[in-house]
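A.B. asks: Sharing a model prediction with you, sequence too.
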Amino acid sequence: MPDAAQRLKSLVEQLLGVPLPVRIRAWDGSQAGPPGAPTLVVRNRRAVRRLLWKPGELGLARAWVAGDLDIDGDLYTALDLMSGFIWERGEDDRTLVQALRDPEVRAAVRGLVKLGGPALPPAPPREEVRRGRAHLHTKRSDRRAISHHYDVGNDFYEIVLGPSMVYSCAYWEDAGTLEDAQRDKLELVCRKLALTPGQRLLDVGCGWGSMAIHAAREHGVSVVGITLSHEQAAYARKRVAGEGLTDKVEIRVQDYRDVADGPYDAISSIGMAEHVGSARYLEYARTLYALLKPGGRLLNHQIARRPQRDESTYSVDDFIDSYVFPDGELAPVGATVTQLERARFEVRDVEAIREHYALTLRRWVANLQADWAHAVRLTSPGRARVWLLYMAACALAFEHNRIGVNQVLAVRTPTSGDSGMPLRSRNWA
């Protein structure tokens, strides 16, 4: 009688010390677990071996990307149920070693080895980043990291992002489309920067050109947009030409550290600073400060994590680092503000828009799921599964206040002290 699911459920619960909140369906057709709960589909024994050789989040991620694991039922509910005993346990190699001193844990591991079968560790999926030392944030390593994430194919991103082609948090009303919300976000940034015709705007991490086009078309500014992605740049240039804005917008493949044609009246950095890294952040802030004219404004739109009691223990999420944003780092919003101030910026406003990103991510997930077969053909089954998992998991993280996103408005205030800000600065709302 098939019984792999019950055996797997019992062994996992013995190993983790908590009841399994989802149902399991194993490769032999057997099922076990809470009736009516989302089902974790274990398609083959290789999934078990992946978890044995790499316990925790990375092993699960490899099994998911490879198609060895799947979810039958609502993806958000399943991830929410599983987060408590996987992603939030915070286990590392030391805690695993300590756990293996427990005879019951060792017995559970032996049972899983028997169930999974003796074999060498399965090769990681080809979508996983292979590299040496991480988080160097040299120009070369940043180019590789950006290429991994953004050079997936513009057609794929058209499916996920929709017509706006904006890959950052939208700004929602109670009702409205994703395109409306993204347009409103771009307009919000322009108003915070107080753009007026004839000014020069530097858009750092310009993506597919949406901010540059909006600012030039709606506010009459001249824009330089920079990106490290050749695919993004080609797409953005085509859009700029289609809008008849080639005299107003220049798109460059350029590192922010190489921009040398300041001063600019304003700088927008939307969803880019997460790639900078803590070791380089002050350099990033000082570089942008130097590129602004006195009185110029910076709008820094950036995801933030919650601070830890011991910041030295912070480590990048294994799944995100290996499959989504190589070398990406999140910082608490307070740390970001401090670094901007150390670079001599005067921080004038911080707006938290966490709930807006959850809404945005759920729309992107819906777009991907609605055109799944096409997305798979454009990339690979593994790549599409990476994007589905990361966007759904991030939506939950924003909803549960595990991470946030903030727009920080800062000014290069001149020595006179005249910031140029209105006394009531929230006129943009």
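C.D. replies: Ah, there it is. Fair warning: this is a prediction, and the values are worked out from it, not measured in the lab.
A.B. asks: Tell me the secondary structure at the closest residue to Asn427 other than its chain neighbours.
C.D. replies: In this structure, Asn427 finds its nearest non-sequential neighbour in Arg191, 7.8 Å apart by Cβ to Cβ, 6 or more residues apart in numbering. Using the backbone N, CA and C atoms, a C-beta is placed for each residue, glycine as well. Here Arg191 is helix, with the state taken from DSSP: H, G, I helix; E, B strand; the rest coil.
A.B. asks: How many neighbouring residues does Arg191 have?
C.D. replies: A count of nearby residues for Arg191, using other Cβ atoms under 10 Å, gives 14.
A.B. asks: measure it to Asn406 for me?
C.D. replies: 17 Å (Cβ to Cβ, to the nearest Å).
A.B. asks: before we move on, what about Thr313?
C.D. replies: To Asn406, Thr313 is 23 Å away according to Cβ to Cβ.
A.B. asks: So which of the two has more stuff around it?
C.D. replies: It is Asn406, of Thr313 and Asn406, that has more neighbours when counted by other Cβ under 10 Å, with 19 against 9.
A.B. asks: Is that one in a helix, a strand, or coil?
C.D. replies: Classified using three-state DSSP, Asn406 is strand.
A.B. asks: isn't it right next to Val350, touching?
C.D. replies: Yes: using Cβ atoms under 8 Å, Asn406 is in contact with Val350, at 5.6 Å.
A.B. asks: got any residues that touch both of these two?
C.D. replies: Val333 (Cβ atoms under 8 Å, 6 or more residues apart in numbering).
A.B. asks: What's the separation between the residue nearest to Asn427 and Val18?
C.D. replies: Computed as Cβ to Cβ, the Arg191 to Val18 distance reads 49 Å.
A.B. asks: contact partners of the strand or helix carrying Leu52?
C.D. replies: Under the criterion of DSSP states H and E, Leu52 resides in helix 45-53. Residues outside helix 45-53 that contact it (Cβ under 8 Å, 6+ apart) are 8, 27, 42, 59-60, 62-63, 66, 68-69, 109, 112-113, 115-117, 119, 121-122.
A.B. asks: Show the buried residues in those.
C.D. replies: 8, 27, 42, 59-60, 62-63, 66, 68-69, 109, 112, 115-116, 122 (16 or more other Cβ atoms under 10 Å).
A.B. asks: Can you flag which of the residues you listed belong to helices?
C.D. replies: Counting by DSSP state H, the buried ones among the contacts of helix 45-53 place Leu8, Gly59, Leu60, Arg62, Ala63, Ala66, Val109, Leu112, Leu115, Gly116 in helices.
A.B. asks: Find me the pLDDT at the last one, would you?
C.D. replies: Meaning Gly116. What the model reports for Gly116 is a pLDDT of 75.
A.B. asks: quick thing: my sequence starts at 26, can you match it?
C.D. replies: In the new numbering, first residue 26, that becomes Gly141.
A.B. asks: separation between it and Ser55?
C.D. replies: From Gly141 to Ser55 the distance is 15 Å (Cβ to Cβ).
A.B. asks: same thing with the fifth one?
C.D. replies: From Ala88 across to Ser55, the span is 18 Å (Cβ to Cβ).
A.B. asks: One more: Val154?
C.D. replies: 35 Å.
A.B. asks: likewise Asp105?
C.D. replies: In terms of Cβ to Cβ, Asp105 sits 25 Å off from Ser55.
A.B. asks: same check, this time on Tyr289
C.D. replies: 63 Å.
A.B. asks: Same check on Glu354?
C.D. replies: 42 Å.
A.B. asks: Neighbour count: the two, which is higher?
C.D. replies: The residue with more neighbours, out of Glu354 and Ser55, is Glu354; 22 against 18, by other Cβ under 10 Å.
A.B. asks: nearest residue to that one other than its sequence neighbours?
C.D. replies: The shortest distance from Glu354 to any non-neighbouring residue, by Cβ to Cβ, 6+ apart, is to Gly302 (5.1 Å).
A.B. asks: which stretches of the stretch 226-375 of the chain form helices?
C.D. replies: Using DSSP state H, counting those that start in this stretch, the helices of the stretch 226-375 of the chain run over 235-244, 255-267, 306-316, 343-344, 358-367.
A.B. asks: which residues touch the fourth one?
C.D. replies: By Cβ under 8 Å, 6+ apart, the list of residues contacting helix 343-344 from outside reads Gly81, Glu82, Leu83, Ala86, Leu414, Tyr415.
A.B. asks: Of those residues - the most surrounded one?
C.D. replies: Compared across the contacts of helix 343-344, Ala86 has the highest neighbour count, 28 neighbours, by other Cβ under 10 Å.
A.B. asks: and the gap between the closest residue to that one other than its chain neighbours and Leu413?
C.D. replies: Of all residues not flanking Ala86 in the chain, Phe344 sits nearest, at 4.1 Å (Cβ to Cβ, 6+ apart). Phe344 is 12 Å from Leu413, where distance means Cβ to Cβ.
A.B. asks: Repeat that for His425.
C.D. replies: For His425 relative to Leu413 (Cβ to Cβ), the value is 19 Å.
A.B. asks: buried sites along the longest helix seen in the chain?
C.D. replies: Scanning the chain for the longest helix, with DSSP H as the assignment, gives helix 406-424. Of all the residues in helix 406-424, those buried under the rule 16+ other Cβ under 10 Å are 406-424.
A.B. asks: same question, stretch 274-284
C.D. replies: Val274, Glu275, Ile276, Arg277, Gln279, Asp280, Tyr281, Val284.
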